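> kindly generate the corresponding structure for this input.
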Amino acid sequence: MIKPVGQAMSAAIEAVKLRETTQARPSVPATPATTARAAEGAAMTSPAARLAQDGAPIDVEKIQRIKAAISSGNYPVDADAIADRMVDLDLPKTFN
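Model (predicted):
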């Protein structure tokens with residue numbers, strides 16, 4: 001099936017134009033007024049927007065523990081649980 005080009009292509013073109021104009025625009029020096037507006041905008045953002053801006057929380061200590069367990073050969077792998085989850089992801093659920 002051939003996908004229509006219309007709206008998807010228009011959105012992509014507009015995104016490129018916006019990015020180009022944003023990069024070409026000179027930066028505005030921070031003033032107390034612009035800083036206050038930015039702080040107000042940050043206070044009004046949703047938790048999802050803050051998470052998207054800040055990035056996902058990362059538990060560095062947990063990552064280090066898992067890396068150490070893998071390198072020492074002490075990381076348990078439950079092949080049956082992995083296989084079950086893979087099947088669950090691939091097969092559609094049937095509702096009775």
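
> tell me where this structure has strands.
Remark: no strands are assigned in the chain by DSSP state E.

> out of the helices and strands in this protein, which is least certain?
Of all helical and strand segments in the chain, the minimum by mean pLDDT, DSSP states H and E falls on helix 32-43, at a mean of 59.

> who touches stretch 84-96?
Stretch 84-96 has contacts (C-beta atoms under 8 Å, 6 or more residues apart in numbering) with no other residue. C-betas here are computed from N, CA, C, even on glycine.

> could I get the full set of helices for the chain?
6-24, 32-43, 47-54, 60-72, 79-90 (DSSP state H).

> show me where this structure dips below the pLDDT cut-off.
Applying pLDDT under 70 to the chain picks out residues 1-13, 15-18, 20-44, 94-96.

> again, 90 this time
1-58, 77, 88-96 (pLDDT under 90).

> residue 73 - how many residues pack around it?
6 (other C-beta atoms under 10 Å).

> could you check how far it is from residue 63?
18 Å (C-beta to C-beta, to the nearest Å).

> could you do residue 77 as well?
Taking C-beta to C-beta, one finds residue 77 at 17 Å from residue 63.

> more neighbours, those two?
Comparing residue 77 with residue 63 by other C-beta under 10 Å, the one with more neighbours is residue 63, at 10 against 7.

> wait, what's in contact with the more buried one?
Residue 63 neighbours (C-beta under 8 Å, 6+ apart): none.

> show me what counts as buried in stretch 66-81.
Within stretch 66-81, no residue counts as buried by 16 or more other C-beta atoms under 10 Å.

> residues touching it, excluding its own?
Counting by C-beta under 8 Å, 6+ apart, no residue sits against stretch 66-81.

> just the CA atoms of stretch 68-84, as PDB, please.
Provided in PDB are the C-alpha atoms of stretch 68-84 (Å, rounded to 0.1, in the frame of the first residue of the first chain):
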ATOM      1  CA  ALA A  68      29.200  -5.700  38.400                       C
ATOM      2  CA  ALA A  69      26.900  -8.700  38.700                       C
ATOM      3  CA  ILE A  70      27.100  -9.300  35.000                       C
ATOM      4  CA  SER A  71      30.900  -9.000  34.800                       C
ATOM      5  CA  SER A  72      31.300 -11.400  37.800                       C
ATOM      6  CA  GLY A  73      28.800 -13.900  36.300                       C
ATOM      7  CA  ASN A  74      26.400 -13.500  39.200                       C
ATOM      8  CA  TYR A  75      23.500 -11.900  37.300                       C
ATOM      9  CA  PRO A  76      20.500 -14.300  37.300                       C
ATOM     10  CA  VAL A  77      18.800 -14.700  33.900                       C
ATOM     11  CA  ASP A  78      15.300 -16.400  33.900                       C
ATOM     12  CA  ALA A  79      15.100 -17.600  30.300                       C
ATOM     13  CA  ASP A  80      11.500 -18.800  30.800                       C
ATOM     14  CA  ALA A  81      10.300 -15.400  32.100                       C
ATOM     15  CA  ILE A  82      12.100 -13.600  29.200                       C
ATOM     16  CA  ALA A  83      10.500 -16.000  26.700                       C
ATOM     17  CA  ASP A  84       7.000 -15.500  28.200                       C
END
